[in-house]
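Asker: I would like the atomic coordinates for the input below:
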Amino acid sequence: RHSCPQLYLSVESSCSLQYILSSCCSGCMHPNLEIMRLLTTRSTSCAAFLLQASVRSVSSFSSHPAGANNNPFHSPLARFATSMAPSTATTDLSKDEQDIQNMLYRINAVNNVPPDVARSLVTFEIDGKKVGKSTPAVANLLCNTLVNDKSIFHLEGTATYGPNARLTLSEEAGTTCQSRSDAVMSVMEKLRDDRTIHFLNGWRDELYPVAEGFHDEPMLLVERAATPLLGTQDYGVHVNGLVRGDDGKKKKKKKTEELRMWMARRSRSKSKYPGMLDHIVAGGQPAGMSLLDNVVKECEEEAGVPPELTREVVRAAGAVSYESYQPYEGDDEVIDGVISRSLLFCYDMELPSDFTPVVVDGEVDHFFQATIDEVKAMMDPEFDDPIKPNCYPVIIDYLLRAGHISPDSTGYLDVLRTLRSGYCG
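Answerer: Below is the predicted model of the structure:
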């Protein structure tokens, strides 16, 4: 009442509970016990909602949402919500509404740019067009990385960070796509060879286009592993593999028409998210290839799906987007973190019941089928075998489109809106 009078009045006037809780849980203000107690006593379901919000707020800053050292239930806010919640609080939510809260948790886990980081970001511009974002530390690193004693990047504007600062290319980079690409590549190769940034060790020799929008002509091409340093928009294709009929067990004779989803178990040798669950097929969108051709290529390379079968059964199904902050985990402190901006094109592919995906390129350990109820269970924050984080929004988008969540459920539109929290362009 005294420290945050406006927030208190909002509670008293029954304003949006989710807005109020998100203000408390996002770091905009320190949790106030009087406000929390008022929230949890106004409705028997408020404490359960508060607990979900506290889980999302803590976990969104973890690079591994299921990490044991980042247990969101250890936070004071979560402990308070647990203590205030009546024993029947969680049962007040319908199954769909509980699923929705779990979905919001998973979506927020990849939309996790802290407010203070967002305010400090430097815009990367080319010819006055905004094509990326970086932290001040990353911008300074790029400007100070000289090639033949010349700077390829430089800062402009009235500040060194925030909205009044701009990172751009110097005259040394030239004005054509090829000259810019070569100049930026020389900087990234130097950082890689000097082992300044550890994630550049995962060099892919795969070029991503950098442009203001997906359908615009590229202003330069950048090595895939280096895009986080520029915070450019990455594009990818993710495929929901579906099947009706048997469950893939050879001994099962009786068939059912229950819809299932093909899932992949990532190889434990993968540098990112080893051993985690994944889509049947997913991949980045390289320069110079159509989306459909990329889907066909990835399906053949990752799951052994013949190109003719893919073209017959795959269907485009929209897109999701998100923006993440990934703290730098190197031994030194040369940078603080990077911004990941992604738009994923979604595809649905209903495969014949007698077709079984096969491991081809070694990136997958094995494939298996999961029922829709099992897929929903994977949304739970406490699920002990989670899916790779950026797959969740694509799967959630499918669950909504296919009618597996009722639009009458509270929070349905929140899920729909947050699925495209990032830049869609």
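Asker: wait, Pro393 touches Leu343, no?
Answerer: No - contact criterion Cβ atoms under 8 Å: Pro393 and Leu343 do not qualify, at 10.7 Å. Glycine gets a C-beta too; all of them are placed from N, C-alpha and C.
Asker: the more surrounded of those two?
Answerer: Pro393 (29 against 19; other Cβ atoms under 10 Å).
Asker: for that one, give me its contacts.
Answerer: Counting by Cβ atoms under 8 Å, 6 or more residues apart in numbering, Pro393 makes contact with 106-107, 110, 320, 322, 344, 419.
Asker: okay, and the common contacts of Pro393 and Leu343?
Answerer: Common contacts of Pro393 and Leu343, defined by Cβ under 8 Å, 6+ apart, comprise Val320.
Asker: what are the ranges of the helices in the stretch 51-200 of the chain?
Answerer: 76-84, 95-109, 115-120, 136-144, 177-193 (DSSP state H, counting those that start in this stretch).
Asker: break down the stretch 201-350 of the chain into its strands, ranges please.
Answerer: 207-210, 220-223, 233-244, 259-266, 277-279, 281-284, 314-327, 337-351 (DSSP state E, counting those that start in this stretch).
Asker: give me the helices and strands touching the shortest one, please.
Answerer: Put plainly, it is strand 277-279. strand 233-244, strand 259-266 (3 or more Cβ pairs under 8 Å, 6 or more residues apart in numbering; DSSP states H and E).
Asker: could you dump these into JSON lines and include mean neighbour count?
Answerer: Shown next, in JSON lines, are these (neighbours: other Cβ atoms under 10 Å):
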{"stretch": "strand 233-244", "mean neighbour count": "23"}
{"stretch": "strand 259-266", "mean neighbour count": "20"}
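Asker: mind putting those into CSV with distance to Asp127 and mean pLDDT?
Answerer: Below are those laid out as CSV (distance: least, Cβ to Cβ, whole Å; pLDDT from 0 to 100):
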stretch, distance to Asp127, mean pLDDT
strand 233-244, 16, 97
strand 259-266, 39, 97
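Asker: including distance to Pro114, could the ones you listed go into CSV?
Answerer: Output for those, formatted as CSV (distance: least, Cβ to Cβ, whole Å):
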stretch, distance to Pro114
strand 233-244, 20
strand 259-266, 28
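Asker: out of those strands, flag the one nearest Asp99.
Answerer: Nearest of the helices and strands packed on strand 277-279 to Asp99, taken as Cβ to Cβ: strand 259-266 at 15.1 Å.
Asker: could you list the residues in contact with the closest one?
Answerer: By Cβ under 8 Å, 6+ apart, strand 259-266 touches 240-244, 247, 273-281, 302-303, 351, 357, 363-372, 375, 387-388, 395.
Asker: in its sheet, what does that strand sit against?
Answerer: Strand 259-266 has the following strand partners under DSSP bridges: strand 233-244 (antiparallel), strand 277-279 (antiparallel), strand 364-371 (antiparallel).
Asker: of all the ones you listed, which one comes closest to Tyr328?
Answerer: The nearest among the strands paired with strand 259-266, by Cβ to Cβ, is strand 233-244 at 18.0 Å.
Asker: what angle do the closest one and strand 337-351 make?
Answerer: Going by axes from the mean of the first three to the mean of the last three Cα atoms, to 10 degrees, strand 233-244 is angled at 30 degrees with respect to strand 337-351.
Asker: and strand 233-244, how far out from the chain's middle?
Answerer: Strand 233-244 sits 14 Å away from the centroid of its parent chain (Cα atoms, centre = their mean, to the nearest Å).
Asker: which secondary structure element of this structure has the lowest mean pLDDT?
Answerer: None of the helices or strands of the chain scores lower by mean pLDDT, DSSP states H and E than helix 5-12, at a mean of 36.
Asker: can you give me the pLDDT of Leu309?
Answerer: pLDDT for Leu309: 98.
Asker: hang on, I meant Val334
Answerer: You'll see Val334 listed with a pLDDT of 83.
Asker: that one is in contact with Ile197, isn't it?
Answerer: Yes - Val334 lies in contact with Ile197 (Cβ under 8 Å); the separation is 7.1 Å.
Asker: with neighbour numbers in mind, choose between these two.
Answerer: Higher neighbour count among Val334 and Ile197: Ile197, with 22 against 15, using other Cβ under 10 Å.
Asker: which residue sits closest to that one in space, ignoring its chain neighbours?
Answerer: Distances taken as Cβ to Cβ, 6 or more residues apart in numbering put Leu191 closest to Ile197, at 5.3 Å, once the chain neighbours are dropped.
Asker: where in the stretch 1-150 of the chain is pLDDT low?
Answerer: For the stretch 1-150 of the chain, applying pLDDT under 70 flags the ranges 1-92.
Asker: an error on my part: the question was meant for the stretch 301-425 of the chain.
Answerer: Low-confidence segments of the stretch 301-425 of the chain, defined by pLDDT under 70: 330-332.
Asker: could you find the residue nearest the spatial middle of this structure?
Answerer: Val110 (3.5 Å; Cα atoms, centre = their mean).
Asker: chain neighbours aside, what residue packs nearest to that residue?
Answerer: Using Cβ to Cβ, 6+ apart and skipping residues adjacent in sequence, the residue nearest Val110 is Tyr322, 4.5 Å away.
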